[in-house]
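> here is a sequence together with a model predicted from it:
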6 protein chains.
Amino acid sequence: MRPSGRALDQLREVRITRHYTKHAEGSVLVEFGDTKVICTASVETSVPPFLRGKGQGWVTAEYGMLPRSTGSRMIREAAKGKQQGRTVEISRLIGRSLRAAVDLKALGENTIAIDCDVIQADGGTRTAAITGACVALVDAMSWLKKNGKVKGEPLKQMIAAVSVGIYKGESVLDLDYLEDSDAETDMNVIMTANGGFVEVQGTAEGNTFTRDELNAMLALAEKGINELSQKQIDALNS
Amino acid sequence: MRPSGRALDQLREVRITRHYTKHAEGSVLVEFGDTKVICTASVETSVPPFLRGKGQGWVTAEYGMLPRSTGSRMIREAAKGKQQGRTVEISRLIGRSLRAAVDLKALGENTIAIDCDVIQADGGTRTAAITGACVALVDAMSWLKKNGKVKGEPLKQMIAAVSVGIYKGESVLDLDYLEDSDAETDMNVIMTANGGFVEVQGTAEGNTFTRDELNAMLALAEKGINELSQKQIDALNS
Amino acid sequence: MRPSGRALDQLREVRITRHYTKHAEGSVLVEFGDTKVICTASVETSVPPFLRGKGQGWVTAEYGMLPRSTGSRMIREAAKGKQQGRTVEISRLIGRSLRAAVDLKALGENTIAIDCDVIQADGGTRTAAITGACVALVDAMSWLKKNGKVKGEPLKQMIAAVSVGIYKGESVLDLDYLEDSDAETDMNVIMTANGGFVEVQGTAEGNTFTRDELNAMLALAEKGINELSQKQIDALNS
Amino acid sequence: MRPSGRALDQLREVRITRHYTKHAEGSVLVEFGDTKVICTASVETSVPPFLRGKGQGWVTAEYGMLPRSTGSRMIREAAKGKQQGRTVEISRLIGRSLRAAVDLKALGENTIAIDCDVIQADGGTRTAAITGACVALVDAMSWLKKNGKVKGEPLKQMIAAVSVGIYKGESVLDLDYLEDSDAETDMNVIMTANGGFVEVQGTAEGNTFTRDELNAMLALAEKGINELSQKQIDALNS
Amino acid sequence: MRPSGRALDQLREVRITRHYTKHAEGSVLVEFGDTKVICTASVETSVPPFLRGKGQGWVTAEYGMLPRSTGSRMIREAAKGKQQGRTVEISRLIGRSLRAAVDLKALGENTIAIDCDVIQADGGTRTAAITGACVALVDAMSWLKKNGKVKGEPLKQMIAAVSVGIYKGESVLDLDYLEDSDAETDMNVIMTANGGFVEVQGTAEGNTFTRDELNAMLALAEKGINELSQKQIDALNS
Amino acid sequence: MRPSGRALDQLREVRITRHYTKHAEGSVLVEFGDTKVICTASVETSVPPFLRGKGQGWVTAEYGMLPRSTGSRMIREAAKGKQQGRTVEISRLIGRSLRAAVDLKALGENTIAIDCDVIQADGGTRTAAITGACVALVDAMSWLKKNGKVKGEPLKQMIAAVSVGIYKGESVLDLDYLEDSDAETDMNVIMTANGGFVEVQGTAEGNTFTRDELNAMLALAEKGINELSQKQIDALNS
């Protein structure tokens, strides 16, 4: 029933490639099927002004799409001089979620700047970005520890993200673009590896959704997060 | 246990004042306790370029805060030349939610522009804004009908919004600023008067939240929405 | 002869409501008939960079209109990323005028930031704003004195503002929107309570004006300022 | 008593050079002593969108200062991406004043764009700009008539502008920078050649000013405008 | 003598991968050693306003760097709201150069928008971008022909680009970052496959350069362009 | 054969007027025929943040055109809030070139800010700007030495700039606007007084150019630079 032929509770093929570019302390190419995002984590050994002298660190994130990562070319935000509302909203979501993975006190007065740049989009770019960025974040924290800039363990817990939705009346996991543009409800779920909720954002696109539908979607999301968490661990162990 | 002395499932005093300013087709002052938002609905008898000739209307929304609506003065976004990410995110949420209330085909080639301006903030400004704006929207649609610009009924269903959260380990309804700044989890729930979900946005601030906590918060939200829907109806009938 | 039926030298009904919002050190709702402006005065216990270490304070002001404070909706300046020339011009006028009310040396290294936000416009928004803001300014200075942040008396003199003009060949006081859009000459006069001129801005809209007309307008302005000054004193004493 | 040794009612040496640059339909270098402004009037045979089809023309103006036209270098507004409030205010004043010189109906659907660029500043740049721009405007209107683009006479009346002020307790005419930075009151007066007032803007810088002082300044301004009008006529006849 | 151990006239390893992303009509990953740039060519079947109705097409280009494509993270231009001068300059260079490859009349009223996004930088990003973009451009023109949107042959000639410079007193070909940051002279040369010059930009960084040095650099550039042209042909034939 | 009747290797009449405006430490009006540029050099006794404490100075440059310096009025960049790409590119070229004239160590922690403002354009504005700015720069450095702010000699060498091109198949020197808009190749050459190359930028506009044509253009440029260097020396000696 799904355009891709996948089962309702089946993720797309997920690939997480570490050390994708050479300069960043953490650099990951994450692929959820045809959705491809470069996630880098850059260490800065200072904190933004509002945190100076407070003995804690910060994690910030920015999201962007290459102009032709999509079916029709989008305007280049840097040339226009303004980010779209959607871009701002996703950047904030990524940063907020990843901060849930980190013990900011243990991070000390260091900042990790996450950049998620979509080079090819096919639905679910924000969930792929968060899932990949968490791996880049872990690599950046390892770099900090190896270089003696952090003493304790700044990683509190791994997080991963997946989309679920109601498509043609059925709850489905990890929507691709064809499903996403036609879904009745779209929900992004961000969870820790051990099952805690970090963020839940569900939006009715046409009709409203019921409590039962919400529960069915959350069950799918939990299954997807389990599998994504394992992919993250595999990548970090390789 | 709550700073305000309210019961866990108790809304703040809610007041909805219609015809608050004289120029707009719909103009509402909505108060959730000390949170006060002016919501206006302005009719434009045209649609944005991307909808021209498609025989449907549009609803758009913008949100702002007066610089000293908060405890310490914020920079004026117009003077800075840039809206904060939070402002953009809330504007998008309001517009998306209110479009769920409207049959855009029945609206014809008209646009209703919603402006929500916070004159005093004490937590829950976005949920107050959506709840008040929906009343202003109804007034604007009545104006369209009365003036013969719309033939059918563009109102699909009333919507309302409320915040819920986990505060000191308890699920609470309609958080004020003191609770909001200290909550472990904060969730905004937007529903129709007859119980359908339009949008659910839950965010863990410190710890993650569990499925049980999510359910408890949703139950509180449903109760709150019921009461807010009644307030909206009372205001429209007065 | 006036659309409102007022005498040529008659002000609109003026109301000055103090403590209008709860966060600001000074907060006033000023109404000149249907023109309604929220004026807040926010204390910052520091000065802009160009004044640091000079042992004096500063007063700054910003003006804005809610998008639907007017008959047809204006673009939201924050969303456009740019203030209109008119907005900039009025903000500068308000700040310059209010500085004439203050002994900046006695204010010490404190800044008072004035925000004037028009929630409903019916002509004369800048003069209403100045008249109301001066009351908010006095409240903010009282706060500074009560909290021991200022020792001497930073208030030099109260100021008030009123518009005068030539409408259908007659000099009239305090023009409303209908008169303003049809006036031959429009003049804004800002004076101290004891009759000194702070600013005079007269503009011929269609025909030029003569010295006699200028004198007639100034006489009306003096009468209006007298009455407005009394309204300010009454508000401060209430 | 004046730093320049001038009499209280004495203008600086005024020079008006027409055809200063070769491309513009009107191009004037105006000098009020050491203040030098290039004023060009550019004809566009169309009108802004808000005037299309109304059978009338428009006059618009922009003002700028070269970064090192002043004693210390100012930031280049084009590089900063934002005009200062003062720039915006003066641009609006110049445009408004010059429109008083023109019969917009007789101008037809043509726009004259005035650019006033200060290449050397020594006080009174806005009054010099208006005085010079009016001559450039007349040349542009002559061009329109000569090229058959305008049939009637779009020139209603010549205007000129001069500053007056209270300096060391005395009313003085045409303040230079040394006087301007030390004046108690500063007033810009724009009048027609036959004595009508177009705009009066008087600002108390330290102390307020009295009705008598206002009258004394206006008398000086009238004398100055008379002389400037003659200079304009001489330039146009040469 | 070169940090990389290359011969003075030796290019880095060059790889050109077509069909790199799936949405664009032309999509190439070009690698000059560790410098990696994604070049996409997007077809739009219209032209910019200044060309409408002139029966010709257009080629435009934009360049960007991912924030962490470099050794230390750069600010994200989209977030800052402004492109750096260097970005603007390179975008203009790429567009101008590629237009030399195209018969704009034969292209008809179509636009090809080139996007060059650097995902990893190690010197020579602009020359790699031009070399890769030309291949993407050819693919986009093939798409236009195959889809019947262009009848004739819009490709005039292939172009390629390479950097040359004076490094430690020697002329070298295709500088990497270590050489580039230490070079005395840096020159970018853009040529057609058959040896015509499209653009030559040579800049002395410390000392000036002589006519002989210029000639030596141009000879190296010709050799490099020959090899790059062959790489382009090989890629197009694969 | 040239529209101006000049010989192929003939410069336009060049005039360099020092002390053109009174405030700047160096102020030059440079004229290449009808191209007229005001070049000022402003001394700031500090350096940009990235150079603080490094014991060296800086030279920066900005370029602008008055809106009606050209045949049709251009938009004012300050009003638009954005500089054109061409403006940015030329500003960078001027700054880079002039830094080649200066021993930044000998300059000490001082900055010289160059402003080149075109008041009338007829082709070759950037080369005129560089040639004039170098004279203003020398005057500013003399000011620094005379005022004891610099001890050694910060002037390394004078530089000058000229354009050359292929026009109707012939190499020509110092193209005016008529030639420039019709040239097959356009090249800007910046050299030191003793014949070293600082920057060479050659661009094919329609056809590509050959090595022989490049050589012919460079020979013309050398002749032109010789003459311009002499004009600079004459101006500095006058």
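Structure's in. What do you need?
> can you name the element that comes right after the strand or helix carrying A:Ser142?
Secondary structure assigned from DSSP states H and E places A:Ser142 in helix A:125-146. Downstream of helix A:125-146, the next assigned helix or strand under DSSP H and E is strand A:159-167.
> which neighbours in the sheet does that next one have, and how are they oriented?
Strand A:159-167 has the following strand partners under DSSP bridges: strand A:170-173 (antiparallel), strand A:185-192 (antiparallel).
> got the residues of chain A near chain F?
Taking Cβ under 8 Å from any Cβ of the partner chain, the part of chain A that reaches chain F is made up of A:Gly81. Where C-beta positions appear, they are placed from N, C-alpha and C, glycine not excepted.
> what residues does chain A put near chain E?
Those residues of chain A that sit near chain E, judged by Cβ under 8 Å from any Cβ, are A:21-24, A:27, A:34, A:36, A:38, A:40, A:42, A:44, A:62, A:64, A:66-73, A:76-79, A:81-83, A:87, A:91, A:113, A:115, A:117, A:119-121.
> grab the longest helix from chain A for me.
Among the elements of chain A assigned as helix by DSSP state H, the one spanning the most residues is helix A:211-237.
> any part of that helix near chain B?
Yes - using Cβ under 8 Å from any Cβ, helix A:211-237 reaches chain B at A:211, A:214, A:218.
> how about chain A: which residue is closest to chain F?
Sorted by distance to chain F under Cβ to the nearest Cβ, the residues of chain A start with A:Gly81, at 7.0 Å.
> okay, that residue: pLDDT?
Each residue has a pLDDT score; the one for A:Gly81 is 92.
> do A:Ile114 as well
A:Ile114 is assigned a predicted lDDT (pLDDT) of 98.
> and what of A:Gly55?
Here, the pLDDT recorded for A:Gly55 equals 93.
> wait, what's in contact with the residue in chain A positioned nearest to chain C?
Of all residues in chain A, A:Lys82 sits closest to chain C, at 7.1 Å by Cβ to the nearest Cβ. Residues in contact with A:Lys82 (Cβ atoms under 8 Å, 6 or more residues apart in numbering or on different chains) are C:81, E:81.
> that one: what secondary structure?
Three-state assignment for A:Lys82 (DSSP: H, G, I helix; E, B strand; the rest coil): coil.
> what sits closest to A:Glu31 if chain neighbours are left out?
If you skip the residues right next to it in sequence, A:Glu31 has A:Arg15 as its closest partner in space, 4.3 Å away by Cβ to Cβ, 6 or more residues apart in numbering or on different chains.
> ok, the one you found to A:Asp34 distance?
As defined by Cβ to Cβ, to the nearest Å, A:Arg15 lies at a distance of 11 Å from A:Asp34.
> okay, the two: which has more neighbours?
Set A:Arg15 next to A:Asp34 and count neighbours by other Cβ atoms under 10 Å in any protein chain shown: A:Asp34 wins out with 17 against 14.
> can you tell me what sits against stretch A:67-81?
For stretch A:67-81, the surrounding residues in contact (Cβ under 8 Å, 6+ apart) are A:64-65, A:83-84, A:87, A:118-121, A:177, E:21, E:23-24, E:27, E:40, E:42, E:44, E:62, E:64, E:76-78, E:81-83, E:87, E:91, E:113, E:115, F:82.
> out of the residues you listed, which end up buried?
Listed as buried from those are A:64-65, A:83-84, A:87, A:118-121, A:177, E:21, E:23-24, E:27, E:40, E:42, E:44, E:62, E:64, E:76-78, E:81-83, E:87, E:91, E:113, E:115, F:82; burial here means 16 or more other Cβ atoms under 10 Å in any protein chain shown.
> what about those, which are in strands?
Among these, the members falling in strands are A:64-65, A:118-120, E:27, E:40, E:42, E:44, E:62, E:64, E:113, E:115 (criterion: DSSP state E).
> farthest from the middle of chain A: give me that residue.
Note on chain A: the largest C-alpha distance from the chain mean falls to A:Gly53, namely 29.8 Å (Cα atoms, centre = their mean).
> could you say which helix or strand contains it?
Under the criterion of DSSP H and E, A:Gly53 resides outside all helices and strands.
> phi, psi for it please.
Its backbone dihedrals place A:Gly53 at phi 80, psi 10, with angles given as degrees, to the nearest 10.
> distance of it from chain B?
19 Å (Cβ to the nearest Cβ, to the nearest Å).
> before we move on, what about A:Ile112?
The value you get for A:Ile112 to chain B, if Cβ to the nearest Cβ is used, is 19 Å.
> now A:Gln157
8 Å.
> tally of neighbours for that residue?
17.
> please verify my assumption that it contacts A:Ile190.
No - the criterion here is Cβ atoms under 8 Å, and A:Gln157 misses it with A:Ile190 at 11.7 Å.
> find residues that contact each of these two.
With Cβ under 8 Å, 6+ apart as the test, A:Gln157 and A:Ile190 both reach A:Ala100.
> spatially, what comes nearest to the residue sitting nearest the centre point of chain A if we skip its sequence neighbours?
Computing the C-alpha centroid of chain A and ranking residues by Cα atoms, centre = their mean puts A:Ile130 first, at 1.2 Å. Nearest-residue entry for A:Ile130: A:Ala161, 3.9 Å, with adjacent residues in sequence omitted and distances by Cβ to Cβ, 6+ apart.
> repeat that for A:Val172.
A:Leu8 (5.1 Å).
> can you report how many residues lie near the one you found?
As a burial measure, A:Leu8 scores 14 neighbours (other Cβ under 10 Å).
> wait, it touches A:Gly169, no?
No - A:Leu8 is beyond contact range of A:Gly169, at 11.0 Å (criterion: Cβ under 8 Å).
> ok, the strand or helix carrying A:Glu31: who's next to it in the sheet?
For A:Glu31, the enclosing helix or strand under DSSP H and E is strand A:26-32. Sheet pairing for strand A:26-32, assigned by DSSP bridges, gives strand A:14-18 (antiparallel), strand A:35-44 (antiparallel).
> contacts for it, please.
Residues from elsewhere that reach strand A:26-32, judged by Cβ under 8 Å, 6+ apart: A:11-21, A:36-41, A:122, A:124, A:127-129, A:131-133, A:135-140, A:143, A:174, A:235, E:68.
> can I get that strand in PDB, CA atoms only?
Taking C-alpha atoms only, strand A:26-32 is exported to PDB below (Å, rounded to 0.1, in the frame of the first residue of the first chain):
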ATOM      1  CA  GLY A  26      32.300  15.100  14.300                       C
ATOM      2  CA  SER A  27      31.100  14.600  10.700                       C
ATOM      3  CA  VAL A  28      28.400  12.200   9.600                       C
ATOM      4  CA  LEU A  29      26.500  11.600   6.400                       C
ATOM      5  CA  VAL A  30      23.100  10.200   7.400                       C
ATOM      6  CA  GLU A  31      20.800   8.600   4.900                       C
ATOM      7  CA  PHE A  32      17.200   7.700   5.400                       C
END
